[in-house]
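Asker: Task: produce atomic coordinates for the following.
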Amino acid sequence: MTISSIYKRAQALFFAGGDMIEKMQMILTLIISMANLCVLMYGLYKFTKKPHDTLEQRVTTLEVEVSNIQKSLNQGQDKFRALDESIKVLLHSSLALIEWEMQYCLIEHKEMSESLKKAKDDLHNFLSDR
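Answerer: Alright, predicted model coming up:
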């Protein structure tokens, strides 16, 4: 039985002057059918809305995680840049110290060791490659 057939039957009984119990029974059947239809429509709405909400929440959560990862990467890059600068200063200081040692050997007329020359050349080549 469809809702329209129940409604037509209820109209026919109500206006035909039938029994009062039959009239009430048809009206209640119509009300129950309408309630079932409303419940069905609400269930369908809830079913179609739920995946969208879940997907939206997952996307929002992933966006927050990506932004947190980007922040931590930027902080890590800043730390590496600071370390790189301090290492560069230490290398230049070592080069200056080696050159000072070599100048001292020249002034004092002392022979420079091969390891000192090699250290200077290696450090100079390393710094020039960067």
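Asker: now the longest helix belonging to the chain: how far from the chain's centre is it?
Answerer: For the chain, the helix reaching the highest residue count under DSSP state H is reported as helix 20-107. Helix 20-107 has its average C-alpha position 2 Å from the chain's average C-alpha position, going by Cα atoms, centre = their mean, to the nearest Å.
Asker: Point out where this structure drops to low pLDDT.
Answerer: Low-confidence regions of the chain, defined here as pLDDT under 70, cover residues 1, 3, 6, 10-18, 51-53, 130.
Asker: ok, now with 80
Answerer: 1-26, 47-55, 102-113, 115-117, 120, 123-124, 126-130 (pLDDT under 80).
Asker: Now tell me what touches stretch 81-101 from outside.
Answerer: With Cβ atoms under 8 Å, 6 or more residues apart in numbering as the test, stretch 81-101 has contacts from 116, 119-120, 123-124, 126-127, 130. Using the backbone N, CA and C atoms, a C-beta is placed for each residue, glycine as well.
Asker: Can you flag the buried ones in these?
Answerer: Buried by 16 or more other Cβ atoms under 10 Å: 119-120, 123, out of the contacts of stretch 81-101.
Asker: Now render those residues as a markdown table, adding secondary structure and distance to Thr2.
Answerer: Below are the buried ones among the contacts of stretch 81-101 laid out as a markdown table (DSSP: H, G, I helix; E, B strand; the rest coil; distance: Cβ to Cβ, whole Å):
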| residue | secondary structure | distance to Thr2 |
| --- | --- | --- |
| Ala119 | helix | 97 |
| Lys120 | helix | 99 |
| Leu123 | helix | 93 |
